[in-house]
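A.B. asks: sharing a model prediction with you, sequence too.
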Amino acid sequence: MSIVDDISYAESLLNILPDGIIILTFDERVLQVNLQAKTGLHINVTPDYSERDIYIGELFELIHRDENILASALEAIRQDCDELVLPVNTSIREKSTNTIFPVKGRFCRLPLEEGEDAIVFYFRNVTSELTQEYILNSALNRTRIYPWFFDLDRKLFSLDARYFEYLGIEPEPGYTLSMERYISLIHPDDQQQLFDAFSVQFSGETMYDKAVPFRILRGDGKWEWFEGQSTYIGKLSGLPYRLVGICMSIQEHKDIEETLIAARVKAEEGNRLKTAFLANMSHEIRTPLNAIVGFSDVLSSTFQELSSQEREEFVSLINVNSEHLLRLINDILDLSKIESNTMEFVFAPCSLRDLMNEILTEQNLKPLSGELQVTAVLPEEDLCIVTDASRLKQVICNLLNNSRKFTKEGYINFGYTCPGKEKQVELFVEDTGEGIASEHLDHIFERFYKVNSFKQGTGLGLSICQTIVEHLHGKIAVYSTMGRGTRFTVTLPL
C-alpha cells in the first residue's frame, strides 16, 4: 500500500479528531489535511493531492519569539528526532488571511510500510483556552478561592501558588503538599470529616458534592476557616486517578457569623432585661409614691395629734422617697438621652477639691446610720482639670448612692489621687459594704443589670456612669471582695 493509499484510508478517522492534523513528506509536501486543520487555517478548497503539490510553508508560518521556526522544527524531525513539542507561546500565522493565533502541538515521525516515513503535525488553537484561563485567573486573583488537584499515584496535592503565599507556608517542589503534611495542617477536630469526604471520592462509587468546612494552620500559628469541594476526573481500573477541587477561605464569613450571633445574644439579653425593667418600673415608682402620698396624708389629717418627733420622722421618710423617685426619673431621662445621642457635655476648668467638698456637703445632709461615715479623702494640693463638672458630679454621686445602698456599717470614702507623673487623675469611691461576687463583675456596667433584685433601683445607674465617663474621655473600673467592700475608680485625663 502506498503513502497516498494509507492516508486516504485514514481520512475519515482524521476528520473526527478534535485537533488539526497535517501529514507531510520529509520534503515538506502536504499529503493530508484533516477537517479541523482546514477550518483553522482557512483552506476553503480541498486540493487533489495526486495531481497538485502543496508544501506546508505555503499554508502557514510557525512563530516563536518573532521568528518562523517551521523550517528548524522540520529539520529536527528529519535528523532522527522522533517527536518535537512546540515551545510555550508559539503561534501560527496562516497565509490565507494573515491571521495569527496561539497554538499547542507537536511534530512526530510516522513510520509507514516499505521503509517510507512521513511527518505528522498536530496542533490546537488555544485562543479560547488562554482567554478562559486569563478570565479565570483574573477572577481568582480577586478572591480567596484556590484550585487544587490530588495525584493518586504520587499522593501529592498540587495547589495554586497564591494559596501558599496567602497562608504564609512553604510549599514543597512544584507548589505541592504531601498528604501527610496536608493532614498535619488540618485542625484535629476537622480531620475526620475531611477523611470521610476523601474516602467517598477515592471509592469511585458516588460523588461527594457537599462543601466541607475545615480549619487549617497558617504560617503565623493562627487557624483559618476554609471550605473545600472536589470531584474526580477519569477512571483507572474503576478508581478515580485524579481528584480536582477548590478551597475557599470563609474566615470572614465565620467572623461575621460570630459577630451576628454575639449581637443576637446581646440583643436578646438586652430585650429580656428591658422587659424585666419595664415590668419592674411600676413597682419601683409605685413604692416611693405610695410612701410620699401615705405619709403626706397622715401629716395633713393628724398633724395636731402627732408629736414633733413623729412629724420629723414622717417628713424624713417623705424626703427619702422623694429623692429615690427623683433618681428613678433622672435615670430614665438620662437613658433616653443616651439612646437618642442627645446627652450634652460642656467642658470647662474644674477644681476637684471644690467639687468634692460640694459633694460631701450634700452627702452630709442625707440621713446616715449611726455606724456609717462618709468621708472625703483629698490630697493637700488642689487639682484643676478640664471636664464637665456637672456630669462628673453625677457619676461620683451615683457611685456614693450605690455604696450607701449596700453599706450598713464602716465607712464610705471618696476623693482623688494623681498617681506618679502620669497626665491623668484617678477619682475613687470605696466602701466596707457587702461586696460584689466575681460572677457579677463582668456584667456590672450592663444596662438593667442588678446584682440584688430585691434592692431598690433600675439597674441603669452604673451603665449611665460608664457612658458619661467614656464621653469624658476616661475609664471606669470596679474592684470588690465579698464581705469586705468595693472600690470604684474613674480615671480621667488632666
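C.D. replies: Looks like it arrived, so ask away.

A.B. asks: all contacts plus neighbour counts: C-alpha atoms, from now on.
C.D. replies: Fine.

A.B. asks: what helices or strands is the helix or strand encompassing G270 leaning on?
C.D. replies: If you go by DSSP states H and E, G270 is part of helix 251-302. In this structure, helix 251-302 makes packing contacts with strand 223-232, helix 308-340, judged by 3 or more CA pairs under 8 Å, 6 or more residues apart in numbering; DSSP states H and E.

A.B. asks: in space, what's closest to R391 - neighbours in sequence excluded?
C.D. replies: Closest residue to R391 apart from its sequence neighbours, by CA to CA, 6 or more residues apart in numbering: I468 at 6.8 Å.

A.B. asks: for that neighbour, what are phi and psi?
C.D. replies: Main-chain torsions, I468, degrees, to the nearest 10: phi -60, psi -50.

A.B. asks: burial check on it, number of neighbours?
C.D. replies: I468 has 24 neighbours, counted by other CA atoms under 10 Å.

A.B. asks: let me know the secondary structure of the nearest residue to S480 once chain neighbours are set aside.
C.D. replies: Computed as CA to CA, 6+ apart, the closest residue to S480 that is not its neighbour in sequence is T486, at 4.2 Å. Under DSSP: H, G, I helix; E, B strand; the rest coil, T486 falls in the strand class.

A.B. asks: re the thing from before, orientation of the helix holding G270 relative to strand 223-232 in degrees?
C.D. replies: On the basis of axes from the mean of the first three to the mean of the last three CA atoms, to 10 degrees, helix 251-302 is oriented at 130 degrees to strand 223-232.

A.B. asks: what mean pLDDT does helix 251-302 have?
C.D. replies: For helix 251-302, mean pLDDT is 81.

A.B. asks: about what we covered before: ok, the residue nearest to S480 - contacts?
C.D. replies: Going by CA atoms under 8 Å, 6 or more residues apart in numbering, T486 touches 430-436, 478-480.

A.B. asks: mind redoing it with 7 Å?
C.D. replies: Counting by CA atoms under 7 Å, 6 or more residues apart in numbering, T486 makes contact with 430-433, 435, 479-480.

A.B. asks: by neighbour count, which of those residues wins?
C.D. replies: Within the contacts of T486, D431 tops the neighbour count with 28 neighbours, counted by other CA under 10 Å.

A.B. asks: name the nearest residue to that residue, ignoring sequence neighbours.
C.D. replies: Leaving aside its chain neighbours, D431 sits nearest to I412 (4.3 Å; criterion: CA to CA, 6+ apart).

A.B. asks: do the same with N125
C.D. replies: V103 (4.7 Å).

A.B. asks: need the winner for burial among the helices and strands packed on helix 251-302.
C.D. replies: Ranked by mean neighbour count, the helices and strands packed on helix 251-302 are led by strand 223-232 with a mean of 19 (mean count of other CA atoms under 10 Å).

A.B. asks: just checking: what are the partner strands of that strand?
C.D. replies: Strand 223-232 pairs in its sheet with strand 212-217 (antiparallel), strand 242-249 (antiparallel), by DSSP bridges.

A.B. asks: any chance of these in a markdown table with distance to E94 as columns?
C.D. replies: Output for the strands paired with strand 223-232, formatted as a markdown table (distance: least, CA to CA, whole Å):
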| stretch | distance to E94 |
| --- | --- |
| strand 212-217 | 49 |
| strand 242-249 | 36 |
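
A.B. asks: A276: which of the ones you listed is closest?
C.D. replies: Closest approach to A276 among the strands paired with strand 223-232 (CA to CA): strand 212-217, 40.1 Å.

A.B. asks: return the distance of the closest one from the chain's centre.
C.D. replies: Centroid separation between strand 212-217 and its chain, computed with CA atoms, centre = their mean, to the nearest Å, is 14 Å.

A.B. asks: now what about it, what contacts it?
C.D. replies: Against strand 212-217 from outside (CA under 7 Å, 6+ apart): 185-187, 190, 194, 223-229.

A.B. asks: again, 8 Å this time
C.D. replies: Under CA under 8 Å, 6+ apart, the answer for strand 212-217 is 185-187, 190-191, 193-194, 197, 223-229.

A.B. asks: ok, residues contacting whichever strand or helix holds E358?
C.D. replies: Element membership of E358 [criterion: DSSP H and E] is helix 352-364. Helix 352-364 is contacted from outside by 374-376, 378, 382-385, 389, 393, 397, 415-416, using CA under 8 Å, 6+ apart.

A.B. asks: 6 Å - rerun?
C.D. replies: Contacts with helix 352-364, where a contact means CA atoms under 6 Å, 6 or more residues apart in numbering, come from 382-383.

A.B. asks: immediately after that helix, which helix or strand?
C.D. replies: Scanning onward from helix 352-364 (DSSP H and E), the first element met is strand 372-377.

A.B. asks: can you give the strand pairings for that following strand, parallel or anti for each?
C.D. replies: For strand 372-377, pairing defined by DSSP bridges yields strand 410-417 (parallel).

A.B. asks: now the partner strand, how far from the centre of its chain.
C.D. replies: The chain centre lies 45 Å from the centre of strand 410-417; the measure is CA atoms, centre = their mean.
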